[in-house]
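Student: requesting a structural model of the entry that follows:
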Amino acid sequence: MPRCFWCTNDPLYIAYHDEEWGVPLRDPQRLFELLLLEGFQAGLSWITVLKKRDRYRQVLWGFDVERLARMSDGEIEDRLQDPGIIRNRLKLQAARQNARAWLKLEDPVMLLWSFVGGVPKINHFAGRAEVPAVTPEAEAMSKALKKLGFSFVGPTICYAYMQAAGMVMDHTTDCDRYAELQARR
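Tutor: Got it, this is the predicted structure:
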């Protein structure tokens, strides 16, 4: 099956590409989890995060936003000892901060999807050279989220988030998922 240029032969990556990436996501819990995971990914490869995702789910209470918002400094210190996650103090503190900011949102799903007008934006990129790292929509999302108190939400992270959550469809035209996901819309 032809896949996007970024998808390696790792079975975990293939499953993520074939089943999750680019599928429109409107579940607030899953959108929150994905936002945190994209922040944990900053400066690393996505496969690193995918390999640690199950452990994150264990040590971060299933990404329960209310529980994460109450995470103590001591609990952050405990998690910094866990080799099953990315042990970065700033990223763990950002997870707590982002949970607190998320809880203040009246309708996080509507807010996040508002940057693409509420419907997926379908791109028709032929290959790697055409896929941007940042777009005006991602810059607007980043600016708005930072203003609301979020961190680790720069424009590049926001665009990767928009791609992963299906807010933009960036499977390239030579990828089998491109036709499949376009047909769903």
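
Student: use CA for all of it now, contacts and neighbours both
Tutor: Will do.

Student: quick one: Asp82 from Lys51, how far?
Tutor: Shown here: Asp82 relative to Lys51, a distance of 14 Å by Cα to Cα, to the nearest Å.

Student: point out where this structure drops to low pLDDT.
Tutor: For the chain, residues meeting the criterion pLDDT under 70 lie at 185.

Student: residue with max distance from the center of it?
Tutor: No residue in the chain sits farther from the centre than Gly74, which is 26.2 Å out by Cα atoms, centre = their mean.

Student: doesn't it fall inside a helix?
Tutor: Yes. Residue state for Gly74 (DSSP: H, G, I helix; E, B strand; the rest coil) corresponds to a helix.

Student: now do the same for Ala133: helix, strand or coil?
Tutor: Per three-state DSSP, the secondary structure class of Ala133 is coil.

Student: Arg128 reaches Asp170, doesn't it?
Tutor: No. At 10.1 Å, Arg128 does not count as touching Asp170 under the criterion of Cα atoms under 8 Å.

Student: compare these two (neighbour count), which wins?
Tutor: Asp170 (27 against 11; other Cα atoms under 10 Å).

Student: could you find the closest non-adjacent residue to that one?
Tutor: Once flanking residues are discounted, Asp170 sits nearest to Asn123: 5.7 Å by Cα to Cα, 6 or more residues apart in numbering.
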